[in-house]
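Student: Got a sequence here, can you model it:
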Amino acid sequence: MPDLSTHLWLSITSLGSAGMTLPIAFAIALWLAVGYSWRMAAAWLALLGAAIGIVTVTKLAFLGWGVGVRELDFTGVSGHSMLSTAVYPVALFLVLLPARPAFRLAGVLLGLAAGIAVGLSRVVLSAHSPSEAITGCLVGALAALVFVRMAWNAEPGKLSALPVTVSMLVLALLMHGVHVPTQRWVTHIALKVSGHDRPFIRARWHALRNARPAATPLSQTRNTLTPSDSAHA
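Tutor: This next block holds a predicted model:
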């Protein structure tokens, strides 16, 4: 792992927060609708929504029912990793759409690198296991690359790069550090749906790995038989 300060890792991880990435994602959709079509904007939001759905379902499954993969220390797809690898490549692609294809590709790769850095920060800060960060990056990258492939041949002159760039930078500055309690919301839903009083947590989940139900002594089983049970035995 790179030997960086905790403060720097926290700054990197904040780039993947929902409070920062979702406003940028909606700004992308608005620019697509204004410059191109509502269909293209809807395609982007649908892909992002599907990725968010994957993250949410895996988190609900673990928090509510303890469903995960112990061998991989997997308790749910990392939302920070997914959002950053989905949003930043598409944002840079949109900004660089008027440029030559090589520059567009470089922007997409730079966005993916930013998302991977966020995923790495989640592991360094012990917020997620490597498997959770990796799956988050893969899900986000898939959403971004599918959209980029769909929009690659879009007419480049419909949007000016300057207002798009300025809007993205302003949003990034204004929303940096804004906290959206998505984990608390997902936990609340998981408890409501599962009917449990408290969510599963990683430490408790690992502690149950080798748990086995206690065997009932044979003598105790005999003592608890009712007369009718004895008659049928």
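Student: can you pull the contacts of Leu47?
Tutor: By CB atoms under 8 Å, 6 or more residues apart in numbering, Leu47 lies in contact with 86, 143, 146-147. To be clear about C-beta, it is placed using only N, CA and C from the backbone, and glycine gets the same treatment.
Student: Would you mind giving those residues as TSV with pLDDT added?
Tutor: Shown next, in TSV, are the contacts of Leu47 (pLDDT from 0 to 100):
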residue	pLDDT
Ala86	98
Ala143	98
Val146	98
Phe147	98
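Student: And the furthest pair within those?
Tutor: Ala86 and Val146 (10.0 Å; CB to CB).
Student: Name the residue in those two with the higher neighbour count.
Tutor: Each of Ala86 and Val146 has its neighbours counted (other CB atoms under 10 Å); Ala86 has more, 32 against 16.
Student: Next, count neighbours for Ser11.
Tutor: 14.
Student: Over to the one 5 residues further on?
Tutor: When neighbours are defined as other CB under 10 Å, Gly16 has 28 of them.
Student: ok, it touching Ala86?
Tutor: No - with contacts counted by CB atoms under 8 Å, Gly16 stays clear of Ala86, the gap being 9.8 Å.
Student: okay, and the common contacts of these two?
Tutor: Counting by CB under 8 Å, 6+ apart, the residues touching both Gly16 and Ala86 are Gly115.
Student: ranges for the helices of this structure?
Tutor: Applying DSSP state H to the chain gives helices spanning 6-14, 18-35, 38-65, 79-95, 101-124, 130-151, 161-175, 182-194, 202-207, 218-223, 227-232.
Student: Show me what the fourth one is packed up against.
Tutor: Meaning helix 79-95. If you count contacts as 3 or more CB pairs under 8 Å, 6 or more residues apart in numbering; DSSP states H and E, helix 79-95 packs onto helix 18-35, helix 38-65, helix 101-124, helix 130-151, helix 161-175.
Student: just for the chain, where's the confidence low?
Tutor: Applying pLDDT under 70 to the chain flags residues 1-3, 209-233.
Student: what residue is smack in the middle of the chain?
Tutor: Gly79 (2.0 Å; CA atoms, centre = their mean).
Student: if I pick the closest residue to that residue other than its chain neighbours, what's in contact with it?
Tutor: Once flanking residues are discounted, Gly79 sits nearest to Val55: 4.9 Å by CB to CB, 6 or more residues apart in numbering. Neighbouring residues of Val55 by CB under 8 Å, 6+ apart: 76-79, 82, 136, 139.
Student: do you know how far Ala133 is from His80?
Tutor: Separation of Ala133 from His80 (CB to CB, to the nearest Å) stands at 8 Å.
Student: right, and Gly66 touches Ala207 too?
Tutor: No - Gly66 is not in contact with Ala207 according to CB under 8 Å; the separation is 11.1 Å.
Student: Help me confirm that Gly35 comes into contact with Leu159.
Tutor: Yes - counting by CB under 8 Å, Gly35 does reach Leu159; the two are 3.8 Å apart.
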